[in-house]
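*Asks:* Build the 3D model from these lines:
(4 chains)
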Protein chains: 4
Amino acid sequence: VTLTENDQPELKLEQELEQDAICLADIERIAAEKLPPEVWDFVSGASGAELTLAANRAAFDAVRIVPRVLRDVSQCSPASTLLGHPVSMPVATAPVAYQTLFHPDGELAAARAAKEAGIPFTVGMLSGYSIEAVAEVGARTWLQLYWLRDRDRTVELIRRAEDAGYSALMLTVDVPWMGRRLRDIRNRFMLPAAVRAANFPDPEKGSEAHRPAPGNSSVAAHTALAFDPSLSWTDIDWLRAQTSLPLIIKGILDPRDAVRVAETGADAVVVSNHGGRQLDGAIPSIDALEAVCQAVSGRCEVLLDSGIRSGVDVLKALALGADGVLLGRPLMWGLAAAGEAGARRVLTLLAAETQDALGLAGCDTITAARELRTIAPAHTQRS
Amino acid sequence: VTLTENDQPELKLEQELEQDAICLADIERIAAEKLPPEVWDFVSGASGAELTLAANRAAFDAVRIVPRVLRDVSQCSPASTLLGHPVSMPVATAPVAYQTLFHPDGELAAARAAKEAGIPFTVGMLSGYSIEAVAEVGARTWLQLYWLRDRDRTVELIRRAEDAGYSALMLTVDVPWMGRRLRDIRNRFMLPAAVRAANFPDPEKGSEAHRPAPGNSSVAAHTALAFDPSLSWTDIDWLRAQTSLPLIIKGILDPRDAVRVAETGADAVVVSNHGGRQLDGAIPSIDALEAVCQAVSGRCEVLLDSGIRSGVDVLKALALGADGVLLGRPLMWGLAAAGEAGARRVLTLLAAETQDALGLAGCDTITAARELRTIAPAHTQRS
Amino acid sequence: VTLTENDQPELKLEQELEQDAICLADIERIAAEKLPPEVWDFVSGASGAELTLAANRAAFDAVRIVPRVLRDVSQCSPASTLLGHPVSMPVATAPVAYQTLFHPDGELAAARAAKEAGIPFTVGMLSGYSIEAVAEVGARTWLQLYWLRDRDRTVELIRRAEDAGYSALMLTVDVPWMGRRLRDIRNRFMLPAAVRAANFPDPEKGSEAHRPAPGNSSVAAHTALAFDPSLSWTDIDWLRAQTSLPLIIKGILDPRDAVRVAETGADAVVVSNHGGRQLDGAIPSIDALEAVCQAVSGRCEVLLDSGIRSGVDVLKALALGADGVLLGRPLMWGLAAAGEAGARRVLTLLAAETQDALGLAGCDTITAARELRTIAPAHTQRS
Amino acid sequence: VTLTENDQPELKLEQELEQDAICLADIERIAAEKLPPEVWDFVSGASGAELTLAANRAAFDAVRIVPRVLRDVSQCSPASTLLGHPVSMPVATAPVAYQTLFHPDGELAAARAAKEAGIPFTVGMLSGYSIEAVAEVGARTWLQLYWLRDRDRTVELIRRAEDAGYSALMLTVDVPWMGRRLRDIRNRFMLPAAVRAANFPDPEKGSEAHRPAPGNSSVAAHTALAFDPSLSWTDIDWLRAQTSLPLIIKGILDPRDAVRVAETGADAVVVSNHGGRQLDGAIPSIDALEAVCQAVSGRCEVLLDSGIRSGVDVLKALALGADGVLLGRPLMWGLAAAGEAGARRVLTLLAAETQDALGLAGCDTITAARELRTIAPAHTQRS
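*Replies:* Modelled structure (predicted):
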C-alpha cells in the first residue's frame, strides 16, 4: 500500500508531463524553472560568447529536408543498430557528468529511461553514481572516458567497466581542459557537497570541484588538475591495446582527424563541438557532418552530437550521413523536470517525433532516411 | 423585400471589405479577430516548431524578379489554362478540410467565389458540404482525396464525383498521418458538433474528430484511424485504373518523385509542403519548384502550393516554372471574415494583384511570366 | 530692407541645417516631422508589402568596397561627365512628380539647388511648375516623360522642351500604370487643390488626381487614365525620330532589355525599380547593375536609381559599373525640410560624402572608382 | 609607506577587475560607464552609418573554425615572433592617438601593460606622451606615422625614434583625412586642454584640435590641416630611404596593394579598415585577409586589425593566414576602466583566451593554428 501511495505522485507527475510537455522545449522550460539558477547555467551555458551554442541550433534550423512520397510507411520504424546492436531509434544518450545535479536519482534514472526506450546509455566518467551501480539498471551501457593525468585510474576504470558488462568505451578528445564557460566563472560554480564523482571516491571534504576556485569555476579548476592535455594519437593506440571493448572517439570535426580515427580501428566517431562548451567559434557539428561522413566513407560509424532537439533534427543528421546521434542536455532537462519520468518523457517524445519525421519524409527505415536530399545556405571553405 | 433586407448586411460587409481590405494580410487580420482562438490556431498553425511555415514565407520574399519593360501590356491578362481548361488566372483553390469551421456556408460560399472568379475549386474529401452539394454551385470542381484505409469508400466517392461532374481528382500524398501540430495538441482541438465530414455521414454523435483524444488533437486522432499510410506507387496505378478523370498528385518536393509521377501518366503534380503542416523542416515549396519543373520537363503540369499570399507570389511561382498555384489559407481567411463576400474579396484582390504584377513585370501573358529571370540567395544541395 | 528681413529666416534655417543635418537621414527625420502624414506616406511609401523598398537599402548595405591606398588623392574630385557634359559629381536628380507637394517652391527650388550643385535637374512630366518656368532657373535640365495615351501631348511637350533649351529626355518605361501603393490607397490620397501638373493646365476643379477615387489613390486613378500601357520598342523608335535630344531610358533591370535599349541608339539607361514603387518583389537595382553594365558594355551610359542615400552608395554604384546615379526621395526630404535651402543641404552633403568616399577608397577620379573591387552575398540566378 | 598606501586602491581595483572582468566585453561596459559620453563616442564610434564597424564584428562571428584533436597541447603556447622578434602572443597594440583621453597615464600605462604582457607597443604619432617618455617604459616599441604635410617633422620624429631605440615604424596609409565620424561631429568633439600631442609641442592655447571647428569635429579639422592626402607609392620609397628601421604599412585591404607593399621591401602589411573609422562600407578586414595573404605569399608579414575582441578572434585571424593581430579599442577600454591595471587585465585576458582557443583547436603553436580550416558564408567578388 505504501508503495502504491509513493507511486501516486510519480504517476501524477508523469501524467502531467504527458499533458503539458509535447516537445522537448516544453521540458526545457520546466527544467529552467525548477533548477537553481547556477545549475541551470551550468547545463545550458557554453563557452565564451556562446556563439557556437547558438550556431548549433541556427545551423540545424537552416537545413531543409526534401521529403519523398508514395512509399509505404505503414511499417515505418526508427529502429536501427549502433555498433552492431539493435536500438529502437538511432540515438544514444550523450555523456553528461554529475547527473545527480539535476535529480537525486541522476544516472540511475536516466539509465532506466534509456533502457525503457531501447537505446544505449552513456555513463560519464564523472558520474554521480558508480558505473557498477548504473550497470545494475540493465540498460545497454557505454562508458565515457576523459583522458586523466593518472593513467592507472583510467585503466582501473576500464577493467571495472569490462567486469560490469559495459558495451563500449567513448573517449572524449576535445577536452584538454574545460572551455571558458563564463556563466560558471561568474557564478563561481561549485558542486554541491552531495554531488560526487562516484567512480573516484573523494575524501569526505570533496574534491577541488567542491571548493572555491578564485576567479574560476570550481569544476573547471578540478578538471584542469585531473585531465591530461597531452592526449594524442599514440594514446589511442595505447588505449586500443588495453581493452577489446568497442571504441568510440568523441569530439571530431575535421575530416582529416575522422579519417585517422577510422584508421586506428575505432568503431565510431562522434562529430561534436561539445554542445558549444569547448571552442567557442567552432563549426556547428551539423555543418561539419557531411565532410566527415564522406571522408570516413563507412570505415566506422559516425554519430552526431550537439544541437539535437527534436526528431526532425535526428532526421537531418541521418540525411547528412550520420548513423545516429547523441542526446545530451534534453535528457538532463527531463531529469530536472521529473527524474526518471521526465527522462522517459524526453525519450518517448523523441522517439515519436523521429518516427513521425521518418514517415512524413517517406522513409520506412533509417537507411531510407540517409538517402534524403537536403539544402542549406551556401558556405565557403577556407583552408 | 425580405430578401433585399437580408442582402443589405452582406452588401454592407462587402463594401466595407472593399474599403478596408486591400491586401490578403488585411483579411488575415480580420479573420484572426473573428475566429475562435482554437479554430484560428487550426488554420494558421503548422507542425513542430513551425519552421517550414515561416520558411515558406521567407523563401518567397527572398526571391527577386527581374522585370522586363517596353512590351505592350495594355491587353495584359493572367488568363491561362489549368489541365487544359481556361482559367481567369493560373490559380485554383487548395483543398482545405471542414471549411464550415470558418463560416456556416463553408465550401458552398468558397465554391461560389471561385466560380465567380473563374478558377477551379478543389473540394476537400473531408468537406463540410457533400461533393454533390458543392457541385450544384456550378464552379469547375476538383475533388481532393486522402488515401483511406477503406478503399471502397474512396472508389464510391470517385463514382459520386464522376456522376456529379467533377473535372479532376487531386490525390494528397504527403499525409500518411497528420503532422504533429502542437497548437492543436495543446488546444485538444476537436471539431464542433455542427462541423461534419459531409461526404461520409457519421453517426449522430460524430466521429473521433468530435470526441476528446487524450493528449492529442482529435482531428489528428481521427485521421490516424482513417488514413492509410501504406500508400505507394502501385496504388497510383490502381487509382489511375479506377477512373478516367484527370489526376493531380499533391505533395511532391523531390524531383525524382516528380519524374515518377509524370511517368504514371498523371496530369499534374503539386509542389507542396502542405503549408508547413506535415514535415516541419521540409524545404519551402518555392525553393523546391525549379528542380521539379526541370525534372518534369513539361510531361505534366506543375502547380505550386504553400505560401502564396499575393499576386507577386503567383508571379514568382510562374517565373520559377510553375503552370499555376493553389491558394489555401487566404481563402479560409476570407470565409472567416465575411463568408462568400470575404472569399470573393480574396480572389478579386489576388486577381488584381496578379494582373498588376504581370504588367509591371512587362508580361502580357502567363507564358511571358514564365520566362522572367529571378535571383535568390545561394544554397548548397547536399545528398 | 524687407528683402533682407525676408532672407533672415531662410538664412537661419540654412545655418540650423548645417548644424543639425549632417547626413541625409537627418533630413529625412526633419521631413517626416514637417510633412502631413499622407504626403509623407506618398513620398516614402512603395508598392505592395514594400519588400523591394526595404531590399533596395539592404542590398546597398550588403555591398562592401575594397578600398585602394597610396594613391595621391589631394586633388580627388567627384567631377565627371553625364551625357558628355561636365558635372560636379556623377549625380542627377531623379524625376519626381508634383514637387510642390513638399514645398511651395517645388521644382524651382530643387532646380536652383541642382544648378548650384553643378548637376543636372530632371523635371518630371507631372511637375508642379511648367518646364519653361523651371528652365528659367538656368540649371542643366532634363525632361522626364511618361508615355501618355494622348501622343500629341507628348510631342507638344517635347517641342516645348526643345524650345526651352532642355538637354535630354528621360523616358520612364516601368509605369504602364502605378503600382499598388497601399499607403496611398488606405489614405485615399488626393492631390491638394494647389498642387497641379503645371505642364498640362487642368480645368479649375482639377484633374482626377484631385477628386476622390473610390477605394483607390486618386493619383493612381489619374495616371491609369493618362498613361499608355501599350508602350513598346516600336514607340522608342518613333520617339527617337521626333527629336534630336539625347534620350535616356529609365526603368531597366534585365540585361536583355538594356542591350536592346543600347541598340536603339539611346544615350543612357537608368537601372531602376522606381524606388520600390512599381513591382514589389523586383530585384534591388544595385543587384541588377553589374549584369546590365556588362551587357551594355559601354554602348551607352548606365545610371543607377533606387536606394542612394549617401556618398558611399554613389561609390558602390560606380564600383559596380555605373556612370552615375539619380537621387530621388532625399531631395524631396530637403524641400520638405527647408525648401531650396534644404535641397541645397542635401546636395552639399552628398557631394561632400562622395568626395570623402572617393578619397578614402584611394580614388582621385570617378574613373578610378569604377575599378574598385567589391564583395556581396552570393546569389543564384534562376531563369 | 605612502607608496604602499597609494598602491592599495590600485591593487583593489586590479583585484576587482580579476573578479568582475572575465572577458573584454566586461571591460568595455566599465569603460562606457566611466568615460565622458563624448570621449566614449570618440573611441567607440566610427564613420558614416557605422556599417563597417558593425560588419567587422559580424564577419568575425560568421567565421567558424574546424578544430583539430588528439594533438598534444600540454605545452601549447601562443608565443610567436613579430618582425623576427619573440612575442608572448601574436599580438601588438594598435596605434591609437591621444591615449591620455582615457587615463592620465595614457601611453605610459598602456606601454607598461604591453611590456608586462610581452608584446610590442605601438606609439601613435599623436601620442599623449612623447615617444621618448614612452621608450623609457622599456617595452618593445613601434612608432606609428601619419603622413604629415610638413615632411621635416616626420623625418625629425623618425630620428628621435631611432635615438630612442624604437624597433619599427608603422605608416598608416588609409587616412588622407579623417572619415566622417558623425558622433564626433554631432558632439563638436574637441580635445580637452590637458590632452596634447606630446611629440609636437603646441602653443599654450593648444592646436586646432582644442578649438571649436564650426560644424565639425575639432580633431578632424586638425588632421585635415596636418595630414598630407598626396601620400603615394613614391613616398614609401622616400621613407624607406630615410631609415633602416623595419617598416610596417597599415591600412591595406586590396591584394594588389598588398603585393605592391611587399615589393617595396616593407616588413609587414596590416590588413585594416581602421576599425570602421575611415571608409564606411569598406570590406571587413577579416573578409579581406585571406586574399591578401595569398597575394603576399610570405614576402612580408601580414597583421590583421579591426575587430579583435577575444582570443578566438585571434585564432580566426591566424587560421585565415595572418601572422598576428593588432589590438586597438579594447586596450583603451582597459585604460579607461583602471589605467595600467585595466590595460594589463585586457592583455592578460586576451593571452589566456588565445592560449585556450589554441589548445581547444588542437594547436600547440601559432604555426599549427595557421593550418586550421574555417568556413564562412559564401560571397561573390565583383570587380
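*Asks:* Report the closest residue of the stretch 101-250 of chain A relative to chain D.
*Replies:* A:S230 (3.9 Å; Cβ to the nearest Cβ). Any C-beta I mention is one placed from the backbone N, CA and C, and that applies to glycine too.
*Asks:* Pull the contacting residues for that residue.
*Replies:* D:D72, D:V73, D:S74 (Cβ atoms under 8 Å, 6 or more residues apart in numbering or on different chains).
*Asks:* Return the members of these classed as buried.
*Replies:* Listed as buried from those are D:D72, D:V73; burial here means 16 or more other Cβ atoms under 10 Å in any protein chain shown.
*Asks:* which of the contacts of A:S230 lies closest to chain C?
*Replies:* D:V73 (34.7 Å).
*Asks:* Secondary structure element holding the residue lying closest to that closest one once chain neighbours are set aside?
*Replies:* Leaving aside its sequence neighbours, D:V73 sits nearest to D:G359 (Cβ to Cβ, 6 or more residues apart in numbering or on different chains; 4.1 Å). Per DSSP states H and E, D:G359 falls inside helix D:329-360.
*Asks:* ok so, going back, dump the contacts of A:S230 to TSV, plus secondary structure and pLDDT.
*Replies:* Listed next are the contacts of A:S230 as TSV, based on DSSP: H, G, I helix; E, B strand; the rest coil; pLDDT from 0 to 100:
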residue	secondary structure	pLDDT
D:D72	coil	98
D:V73	coil	98
D:S74	coil	97
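*Asks:* and stretch A:186-201, what's its mean pLDDT?
*Replies:* Average pLDDT, stretch A:186-201: 95.
*Asks:* Output stretch A:221-238 as PDB, restricted to C-alpha atoms.
*Replies:* In PDB, the C-alpha atoms belonging to stretch A:221-238 read as follows (Å, rounded to 0.1, in the frame of the first residue of the first chain):
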ATOM      1  CA  ALA A 221      39.700  24.100 -11.800                       C
ATOM      2  CA  HIS A 222      39.100  20.500 -10.900                       C
ATOM      3  CA  THR A 223      39.300  19.200 -14.400                       C
ATOM      4  CA  ALA A 224      42.400  21.300 -15.100                       C
ATOM      5  CA  LEU A 225      44.100  19.300 -12.400                       C
ATOM      6  CA  ALA A 226      42.700  15.900 -13.500                       C
ATOM      7  CA  PHE A 227      42.700  15.900 -17.200                       C
ATOM      8  CA  ASP A 228      45.800  15.300 -19.300                       C
ATOM      9  CA  PRO A 229      46.100  17.800 -22.200                       C
ATOM     10  CA  SER A 230      48.900  15.800 -23.800                       C
ATOM     11  CA  LEU A 231      46.400  13.200 -25.300                       C
ATOM     12  CA  SER A 232      47.400  12.300 -28.800                       C
ATOM     13  CA  TRP A 233      47.200   9.700 -31.400                       C
ATOM     14  CA  THR A 234      49.700   7.400 -29.800                       C
ATOM     15  CA  ASP A 235      47.500   7.300 -26.700                       C
ATOM     16  CA  ILE A 236      44.700   6.000 -28.800                       C
ATOM     17  CA  ASP A 237      46.900   3.100 -29.800                       C
ATOM     18  CA  TRP A 238      47.700   2.500 -26.200                       C
END
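*Asks:* A:L326 belongs to a strand, doesn't it?
*Replies:* Yes - counting by DSSP: H, G, I helix; E, B strand; the rest coil, A:L326 is located in a strand.
*Asks:* Okay, now the unreliable bits of the stretch 51-200 of chain A?
*Replies:* Applying pLDDT under 70 to the stretch 51-200 of chain A picks out no residues at all.
*Asks:* residues from it in reach of chain B?
*Replies:* For the stretch 51-200 of chain A, the contact set with chain B under Cβ under 8 Å from any Cβ of the partner chain comprises A:61, A:63-74, A:76.
*Asks:* In which helix or strand does the closest residue in space to A:S217 that isn't next to it in sequence reside?
*Replies:* Closest residue to A:S217 apart from its sequence neighbours, by Cβ to Cβ, 6+ apart: A:D184 at 3.6 Å. Using DSSP H and E, A:D184 sits in helix A:182-187.
*Asks:* Run me through the strand neighbours of the helix or strand where A:V269 lies, direction for each.
*Replies:* For A:V269, the element it lies in under DSSP H and E is strand A:268-271. Sheet neighbours of strand A:268-271, with direction, are listed as strand A:247-252 (parallel), strand A:301-304 (parallel) (DSSP bridges).
*Asks:* Tell me if whichever helix or strand comes after the last one is near chain B.
*Replies:* On the C-terminal side of strand A:301-304, the nearest following helix or strand under DSSP H and E is helix A:311-319. Yes - applying Cβ under 8 Å from any Cβ, one finds that helix A:311-319 is in contact with chain B at A:V312, A:L315, A:K316, A:A319.
*Asks:* now stretch A:279-287
*Replies:* No - applying Cβ under 8 Å from any Cβ, one finds stretch A:279-287 out of contact with chain B, separated by at least 10.4 Å.
*Asks:* Mind listing what's buried along that stretch?
*Replies:* Quick answer for stretch A:279-287 (16+ other Cβ under 10 Å): A:L279, A:D280, A:G281, A:A282, A:I283, A:P284, A:S285, A:I286, A:D287.
*Asks:* Alpha carbons of the helix holding A:D184, in CSV - could you do that?
*Replies:* What follows is helix A:182-187, C-alpha atoms only, in CSV (Å, rounded to 0.1, in the frame of the first residue of the first chain):
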residue,chain,number,x,y,z
LEU,A,182,31.7,32.5,-18.4
ARG,A,183,28.4,31.8,-16.7
ASP,A,184,30.1,29.3,-14.4
ILE,A,185,33.0,31.6,-13.8
ARG,A,186,30.7,34.4,-12.9
ASN,A,187,28.7,32.1,-10.6
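*Asks:* counting contacts, what elements does that helix pack onto?
*Replies:* helix A:37-44, helix A:218-226 (3 or more Cβ pairs under 8 Å, 6 or more residues apart in numbering or on different chains; DSSP states H and E).
*Asks:* Please convert those to TSV, extending it with distance to chain D.
*Replies:* Putting the helices and strands packed on helix A:182-187 into TSV (distance: least, Cβ to the nearest Cβ, whole Å) gives the following:
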stretch	distance to chain D
helix A:37-44	14
helix A:218-226	11
